[in-house]
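Engineer: structure of the sequence below:
(chains A and B)
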Protein chains: 2
Amino acid sequence: MVQDKDTAKTLGSDNKTEYDLQGEGGGGGSRPFAYENPTLSLSNDSLKNRTTNEFQGSRDFILINDSYSSSNKLKACIPWMKQKLASKFTKKTLYKRVPILTWLPKYDRSCILGDILAGITVGLMVIPQGLAYSGIAGVPTQYGLYGAFLGSIVYIFLGGCKDVPMGPTAITALLTFQAVRGMGTEYALLLCFLTGVVQILMGLFGLGFLVDFISGPVSSGFTSAVALIILTSQMRDIFGINAPGSVFTKMWRNIFKEIHNINPWDTILGICCIVVLLIMRIVGQLHVGPKKGGAEQTKMQLFFNRFLWLFSTARNAIIVIICGFIGYSFDINGESPFKLIGEVPRGLPNFQLPPFGYTQVLNGTETHVSFFEMVSNLGTGIIVTPLISLLETIAVCKAFANGKPVDATQELLAIGFANLANSFVQSFPGGGALARSAVNNASGVRTPMGGLYTGILVILALLFFTPFFRYIPKSALAAIIIAAVIFMVEVKVVRPMWRSKKSDLFLGLATFIACLVLPLEIGILVGIGMNLLFILYHAARPKISVEKLTSNEGTEYLILTPDRCLIFPSVDYVRNLVTKHSIRQGIPVVIDCSHIYGADFTAATVVETLTKDFAARDQPLFFYNLKPSVSAVFEGVSPKDFVVFYHHDQFDDLLKKRQTKPTNDNIV
Amino acid sequence: MVQDKDTAKTLGSDNKTEYDLQGEGGGGGSRPFAYENPTLSLSNDSLKNRTTNEFQGSRDFILINDSYSSSNKLKACIPWMKQKLASKFTKKTLYKRVPILTWLPKYDRSCILGDILAGITVGLMVIPQGLAYSGIAGVPTQYGLYGAFLGSIVYIFLGGCKDVPMGPTAITALLTFQAVRGMGTEYALLLCFLTGVVQILMGLFGLGFLVDFISGPVSSGFTSAVALIILTSQMRDIFGINAPGSVFTKMWRNIFKEIHNINPWDTILGICCIVVLLIMRIVGQLHVGPKKGGAEQTKMQLFFNRFLWLFSTARNAIIVIICGFIGYSFDINGESPFKLIGEVPRGLPNFQLPPFGYTQVLNGTETHVSFFEMVSNLGTGIIVTPLISLLETIAVCKAFANGKPVDATQELLAIGFANLANSFVQSFPGGGALARSAVNNASGVRTPMGGLYTGILVILALLFFTPFFRYIPKSALAAIIIAAVIFMVEVKVVRPMWRSKKSDLFLGLATFIACLVLPLEIGILVGIGMNLLFILYHAARPKISVEKLTSNEGTEYLILTPDRCLIFPSVDYVRNLVTKHSIRQGIPVVIDCSHIYGADFTAATVVETLTKDFAARDQPLFFYNLKPSVSAVFEGVSPKDFVVFYHHDQFDDLLKKRQTKPTNDNIV
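Structural biologist: Coordinates of the predicted model:
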């Protein structure tokens, strides 16, 4: 919070009275000819009941810190850095960066109860999801479970948001699949490690703000495309056919090619499961008795409602158990009419280093693939996966933050270390899953400790239940995924987007299509790139309103008002417009700079040329209401005939002075 | 020129009187509580003496044209397109696109005289430059002359700027050298063809605005780096050594490695030439007798001054002729102590297709390199060369336009067709050379017809003088280049840049270094990229000023004023700040939107969340002075509790209404 020098300066020179610009008529309308940041045009009398803070985002483009700006203060740099470093290692920072220190001392019985209930509920979700998502990621089934316990325990210590259920997610699974491109499970594990490292580095360098550059429409388009791709990738398990492919269009083509090999058992089971899951989902939203907020529910009604909700929430686990029994009972002599997920190794994974290189056997010859080759094979996935995983986690945090700010840096560190830990227990990258977080929140989670109970449940499943997993039909898992992801297709944002900003709808659709036809990470980069082009276009083409006014003295003049900052892509455009109108009208010109909040060197040189051109034509040019910080930028190039005024009487004086000279003669 | 809907709307609801916001004290300061685009807060009485035009750059991000916005008007699309197409092929467009039609009818004797003098002067410059630049580009010597006649004749028909001397330039020669990377002369010719095609396409699609994205500092850094690289590349000819390399650092390393093989004849001649050229340059700035604007010069003085100027301007030609004679006289038995440029083929080049593929002999086997392979080998050079060539040409146009707008599209078409034509006569890419344009202008050129006389002189040189060129020492040509490019190192912009905007100086230096250590085209892309990041950061981090005020009724409230548009990278930042301050203070909050000139869907959703959060806390939140177009964006997502007001009395009413409810209770 640095006090703005502009504010101070302007307040000093602020004028209490206002002047009437219209000479003739002397109408009621008045134009306050004073530096016109509205918050500043207040009387000094009212200074006693105001406190001004200026929050500095971009310092008008000056990235150099204020304390650097004078060479005098440069010398104070070293102690300042020492102080800055020291301030990084305070108790306050420790509490901020290890949030468990804040909430654990206040952890009481009610917290324990809430967390246990939520943790177990989420655990019942994550076990079937983990099994299913490993299919999306293209890794052995158990890897989905391996990623669902250590990370969520690490998150307890570092996580800042109680509702985040750290673990495998559908989106990260798909990103893993597309980054790995069938090169081998080693790549998935290395990607998990690198995702963690990149996230921690981003956290340390404060790059969490990067998610701000993924706009709502791009995010919606991306999520919807992911949902459709995942849905498509599961169709082969529903039909019981073998249809490989990683790009949307190719997958559908392969499905239609193989459709004659359809396995009716798988298809019927899959479709039944989807229908049942959707019904169970609706059941969870039903209520008996009076609604909350109205009359009290009876104990029976309360219990029944709770039961309905739990029944709906645990629907994935229920389906998995039932289908597992179906699979088991049909599995006579080891021959099943369903495709089963097969043997899942029993027990916990080994705690070992992720594979930094491996030996590949190609055509009988062994070649060693080094760490750097693996990294370069993973390509842009190394950047996109951490970013999207963060985006998903931040979305979860925001959804349940009730307007409280979300610390992106802390979340980066938390999921970064969680992913890093997960990479040592053979997992693919994960994050805060949106679907589970809703259940987590609704189950009444109180602290991130809920993750502990989820983790324990997953560990128990790995230790004792894996022998039963082998009987689960693949189509049942596919049904679970499909019944979840169809709600990720964000159809409902289309209408408000259309009403609010049509170009944003276009952008969302473009991202959606790009993600479908291109590899996913390229698709979202295309969307982000297009969105940034919009901003740049916007910076390059300001609006300028042009008006002809008459001064108190009866002199006509032109007033031009640009509506945003003057920076390099726009200055030539502005210069051309100003020149065109000035030459056409041939009367004094005032450029109203009230809305110009920033400028750069290129703008300064163009302003210099402009003043020169006007001087050559002997046409008066004045700048009105220029922010002192912007004025300083312009004055840096020492333009001649550069006149700024802030008050109306100054303007009349200036006009009079210029009119003693011959005007309008040189103007063509 | 579309009339702004906002303007119309707001004028209707404009309020003539102003209100005093401060309850206590009732001080002199007043705050006009009306929609506050300053140009709009005028009385209706003054409407009779104003004309309002709004120039539309970016339509607040809505890239969709106004006529598309309602589905009703969508049907009117096809006739609109027909009309649009028809309007492209009018007589006016023809005159605009073929500027010779405009000036040729008015071409008189004084024009002819001016153009002949200028054309011949430029011709005397371009012949030695052409010979020298072909050395920079790494192509046979005659190619520099081949590129100096047809293009400048084509430019006569299409060029919009009389001062542009189309032909080979130092910068395009270096870009050619770096794009070709020694792959063969075929690539240089193909690059010329592609440069022309890309420039024509850019012109047809109106992409001339792309040069706006190269800011002053980036351009300065790039030009200075080019100058240093060219200087370095010429050092080997000055020293008479063989030191290959294309990157700055590597070239110097090779020079130091080979320095013991120095040829004293070459070195002495080269250094002498540089010294003489610099002295001759200074001589041209000398005057005898009274200065212009003062007393009349005598005829003798006038003649002598003219002579000095011509002597200085023709210095390159003079040096080449003298050194040619030196080379000739030392060339006994075909053994010269100097390195000579050697045989230059006599006569005009063949008019033939540029090489769309060629046959390469590698290790004795012939392989055909196809067009597409050649294109992919040229890489980013295909985009960067046309852009930089345009940048240089536009810079020339602007330097002598006297404030008149420059039509980038027309220049693109003109130099595009000129390069295309040049590619048929075996030339490397060219553009409007800055050094020659100054001479052109100073020689009193009147129309682009000057290029004709330059072209004729070059043709004559090719037909008759080539046998004499072979005796020119290489070090003399190197001296000519060095004496020219040292003035391209823009040291003088450092001071104003430092005073004006320190971050721009940093950017210029960064571009300079990037261009030196990386391939040139990558270097400038890095500079442009960094510059765009500044804009994006700027869009992402607006400033928000926070003030506590007291209403007429004595109620305290918080007023928050963001200073620029609300778009996706900044909205979460703004939301966090607003939430933080609102929760801390717990009083009604007003967001002053006077400076918000645009918004998008992401901003709308965040505003919706914000209103929800405030409603949940039962804290009043009002939006003040929101532009109608921005308000429409926000209302697209149908936020509840979204209250906008434009007048002070509305605000008092709103506060009263809210105060009947209990406030400040739910605020933590």
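Engineer: strands of the stretch 551-668 of chain A, residue ranges please.
Structural biologist: A:556-562, A:589-592, A:621-624, A:644-645 (DSSP state E, counting those that start in this stretch).
Engineer: other SSEs contacting the last one?
Structural biologist: Applying 3 or more CB pairs under 8 Å, 6 or more residues apart in numbering or on different chains; DSSP states H and E, one finds that strand A:644-645 makes contact with strand A:621-624. In this view, the C-beta of every residue, glycine as well, is placed from N, C-alpha and C.
Engineer: tabulate the strands of the stretch 551-668 of chain A (a markdown table), appending distance to A:Pro345 and mean neighbour count.
Structural biologist: Below are the strands of the stretch 551-668 of chain A laid out as a markdown table (distance: least, CB to CB, whole Å; neighbours: other CB atoms under 10 Å in any protein chain shown):
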| stretch | distance to A:Pro345 | mean neighbour count |
| --- | --- | --- |
| strand A:556-562 | 67 | 21 |
| strand A:589-592 | 73 | 24 |
| strand A:621-624 | 75 | 22 |
| strand A:644-645 | 76 | 18 |
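Engineer: the ones you listed into CSV, with extra columns for distance to A:Leu420 and mean pLDDT?
Structural biologist: Output for the strands of the stretch 551-668 of chain A, formatted as CSV (distance: least, CB to CB, whole Å; pLDDT from 0 to 100):
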stretch, distance to A:Leu420, mean pLDDT
strand A:556-562, 49, 88
strand A:589-592, 55, 90
strand A:621-624, 55, 90
strand A:644-645, 56, 88
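Engineer: could you dump those to CSV with distance to B:Tyr133?
Structural biologist: As requested, the strands of the stretch 551-668 of chain A are exported to CSV (distance: least, CB to CB, whole Å):
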stretch, distance to B:Tyr133
strand A:556-562, 41
strand A:589-592, 42
strand A:621-624, 41
strand A:644-645, 46
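Engineer: can you tell me how far A:Val276 is from A:Gly416?
Structural biologist: Distance, A:Val276 to A:Gly416, by CB to CB, to the nearest Å: 38 Å.
Engineer: which one's more surrounded, those two?
Structural biologist: A:Gly416 (25 against 17; other CB atoms under 10 Å in any protein chain shown).
Engineer: I figured that one hits A:Leu194, correct?
Structural biologist: No: judged on CB atoms under 8 Å, A:Gly416 makes no contact with A:Leu194 at a distance of 10.7 Å.
Engineer: joint contacts of the two?
Structural biologist: Counting by CB atoms under 8 Å, 6 or more residues apart in numbering or on different chains, the residues touching both A:Gly416 and A:Leu194 are A:Pro386.
Engineer: run a quick neighbour tally on A:Ile513.
Structural biologist: A:Ile513 has 16 neighbours, counted by other CB under 10 Å.
Engineer: what kind of secondary structure is the nearest residue to A:Glu258 once chain neighbours are set aside in?
Structural biologist: Closest residue in space to A:Glu258, ignoring its immediate chain neighbours: A:Ile241 at 4.2 Å, by CB to CB, 6 or more residues apart in numbering or on different chains. With DSSP: H, G, I helix; E, B strand; the rest coil as the basis, A:Ile241 sits in coil.
Engineer: for A:Ile241, give me the pLDDT.
Structural biologist: If you check A:Ile241, the pLDDT there is 85.
Engineer: isn't it up against A:Phe256?
Structural biologist: No: applying CB under 8 Å, one finds A:Ile241 not in contact with A:Phe256, separated by 10.3 Å.
Engineer: the two: which is more packed in?
Structural biologist: A:Ile241 (20 against 10).
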